[in-house]
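In: got a predicted model here, sequence first, then my questions.
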Amino acid sequence: MFTKAFLSTVAAAALFVASASAICPGYKFGVSVAGNNGPWQVFDNNCNIVHQETAQNPCTVGVFDCNPAQNAPTALHLDGHNYACSADPNHDSCNGQSIQVCCSIPGPSSVMQHDVDSSSL
């Protein structure tokens with residue numbers, strides 16, 4: 001009995017750690033939007049930087065579509081793919097950078113409850 005309970009606890013803890021490691025659960029990328037004209041960084045779920053945009057207005061270089069205020073991405077165009085981006089309450093941070101939006105390919109295989117709503121960004 002003790003062994004079964006112990007193994008169940010270990011399995012549950014391992015599952016929790018694995019699910020907690022994703023910066024944007026259910027998404028492919030997370031985007032950190034630095035203030036004071038700092039770079040916008042795109043992270044994969046292992047906190048690897050896969051793109052960094054250092055333009056003064058990252059919304060104008062073709063990698064990001066942005067909300068009307070031009071201060072948050074609503075879409076990401078990376079490696080020939082288009083990703084919808086939106087705020088997600090389950091986001092985390094990477095390397096001390098807070099993730100502002102999470103991005104995934106829209107469609108039946110993605111998490112559809114995360115529709116882009118630029119008015120909420």
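Out: In hand now; what should we look at? Residues are numbered from 1 along each chain as shown.
In: show me where this structure has helices.
Out: Remark: helices assigned in the chain by DSSP state H are 2-20.
In: number of nearby residues for the closest residue to residue 70 other than its chain neighbours?
Out: Excluding its sequence neighbours, the residue lying closest to residue 70 (Cβ to Cβ, 6 or more residues apart in numbering) is residue 59, at 4.7 Å. (C-beta placed from N, C-alpha, C; glycine too.) Residue 59: 19 surrounding residues under other Cβ atoms under 10 Å.
In: same deal with residue 43?
Out: Neighbours of residue 43 (other Cβ under 10 Å): 24.
In: do I have it right that it meets residue 22?
Out: No: if you go by Cβ atoms under 8 Å, residue 43 and residue 22 don't touch, sitting 10.7 Å apart.
In: overlap in contacts of those two?
Out: The contact sets of residue 43 and residue 22 do not overlap (Cβ atoms under 8 Å, 6 or more residues apart in numbering).
In: which residues of the protein fall in strands?
Out: Assigned by DSSP state E, the chain shows strands spanning 29-33, 40-44, 49-53, 64-66, 73-78, 81-86, 93-94, 97-98, 101-104.
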